[in-house]
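Colleague: for reference, the sequence and a predicted model appear below.
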Amino acid sequence: MKALTWQGKRSVSVEEVPDPVIQEPTDAIVRITSTAICGSDLHLYEVLSPYMHKGDIIGHEPMGVVVEVGSAVTNLAKGDRVVIPFNISCGHCFMCSQGLQSQCETTQVKEKGSGASLFGFSELYGSVPGGQAEYLRVPHADYGPIKVGSELPDERYLFLSDILPTAWQGVKYADVPEGGTLAVMGLGPVGQFASRIGKHFGLRVIGVDPVPERRAMAERHGIETLDYSKGVADELRSMTQGRGADSVVDAVGMEAHDSPVASFAQHAAGLLPDKLAQKAFETVGVDRLSALHTALDAVRRGGTVSLSGVYGGTASPMPLMHMFDKQVQLRMGQCNVRRWTEDLLPLVESDADPLGVMDLVTHQASLDEAPAMYEKFQKKQDGCIKVVLKP
């Protein structure tokens, strides 16, 4: 089969690789019909390259049609249409029973001190082959895959794999008071959905992003927007009786703009041999924290900051005195996809499309075009906000 493989920093290519096969009774094989490029994939493309191996199959936002199931899989059959959550969870361990599927004890990558295994996301999360491919082996298929109908287009369902529940969890964790104000830092795909979910919940939503096309997309859905600048926290306070937003979702993460020192440190670590680079990330690694620090500045006293953007630093400086003085609450974590499935399915299937899932994709491409799409997405060229690949 064809699959998109990691070849080096800022280098991916489509290669012929062996077809996946059933390895465990709880496996399924899925023929991929749509698979998206996620902002988190860019972390592998750039910052987290020391944890990647040449030939790794990447991608963690796939859906498709079941072509084979293992002997223990009774909830799926050949021909079923499914969305595949990006985290691999068993559904029966202690963590899964608590709604913390991203911490699944059955698939935790204990040798790296990480949570549940993820599709296509480096040795930090199990080096499991990903979904930017023609076929995908799905472990724990007796629990993970989300079975969907056959009438609606893929784009109605595809984002249930990651970014839609990630945004939903981010807003839930933000715990905005009824009728309150939610600020969203970053209007990439997760930020777009977080903003729309906030509006769906009846909140005032203010989105912040430096890219005009992203602000324009948010404005189509009734979101107030601000250009990102050094004074944006002051602007947010001026719009909220001088207090700041009740809650802030940081949908940016480790590769924020305006963090030149951390950017240099990430680049320097990435030049080391892999084992040394891993050690550097795990002991002195720092993130680009401008978006997070802005969120902590812009939230009101007693408010909540919710992190949906991915961070990877272990020595990132935090303004703890300021946070303590303001009584800021901080929530974060990989999304527990299956926890939110039943809440989201009726919304993506609704004729009204209340979360605007059909107004996110800016680029569709074949799998062969994926390398060019990665570059375009990373450089924010051609109004690129969300790419869907069609294997």
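Modeller: Structure received.
Colleague: next, the nearest residue to residue 210 once chain neighbours are set aside: phi, psi?
Modeller: Leaving aside its sequence neighbours, residue 210 sits nearest to residue 228 (CB to CB, 6 or more residues apart in numbering; 4.2 Å). Heads up, the C-betas are built off the backbone N, CA and C, glycines and all. When quoted as degrees, to the nearest 10, the phi and psi of residue 228 stand at phi -70, psi 130.
Colleague: residue 228 against residue 208, yeah?
Modeller: Yes. Using CB atoms under 8 Å, residue 228 is in contact with residue 208, at 5.4 Å.
Colleague: and for these two, which residues touch both?
Modeller: residue 294 (CB atoms under 8 Å, 6 or more residues apart in numbering).
Colleague: got a list of what the residue nearest to residue 210 touches?
Modeller: Applying CB under 8 Å, 6+ apart, the residues contacting residue 228 are 208-210, 257, 294.
Colleague: now residue 89
Modeller: Contacts of residue 89 (CB under 8 Å, 6+ apart): 96, 101-102, 104, 106-107, 116, 140, 143-144, 338.
Colleague: buried residues, stretch 135-153. List them.
Modeller: Across stretch 135-153, burial judged by 16 or more other CB atoms under 10 Å covers 135-146, 148.
Colleague: mind checking which of these are in strands?
Modeller: 135-138, 146, 148 (DSSP state E).
Colleague: strands of the stretch 51-200 of the chain, residue ranges please.
Modeller: 62-69, 81-83, 135-138, 146-148, 181-185 (DSSP state E, counting those that start in this stretch).
Colleague: per-residue confidence for the residue nearest to residue 59 when sequence neighbours are not counted?
Modeller: In space, and not counting its chain neighbours, residue 59 is closest to residue 132: 2.9 Å by CB to CB, 6+ apart. Looking at residue 132, its pLDDT reads 98.
Colleague: kindly report the same for residue 310.
Modeller: Taking residue 310 on its own, its pLDDT is 81.
Colleague: isn't residue 37 up against residue 389?
Modeller: Yes. Look at residue 37 against residue 389 with CB under 8 Å: they come within range, at 6.9 Å.
Colleague: and the two? Which one has more around it.
Modeller: More crowded of residue 37 and residue 389, by other CB atoms under 10 Å: residue 37, with 28 against 25.
Colleague: how about the contacts made by that one?
Modeller: Residue 37 neighbours (CB under 8 Å, 6+ apart): 59, 61, 132, 370, 373-374, 377, 386-389.
Colleague: nearest to residue 181, of the residues you listed?
Modeller: residue 386 (26.0 Å; CB to CB).
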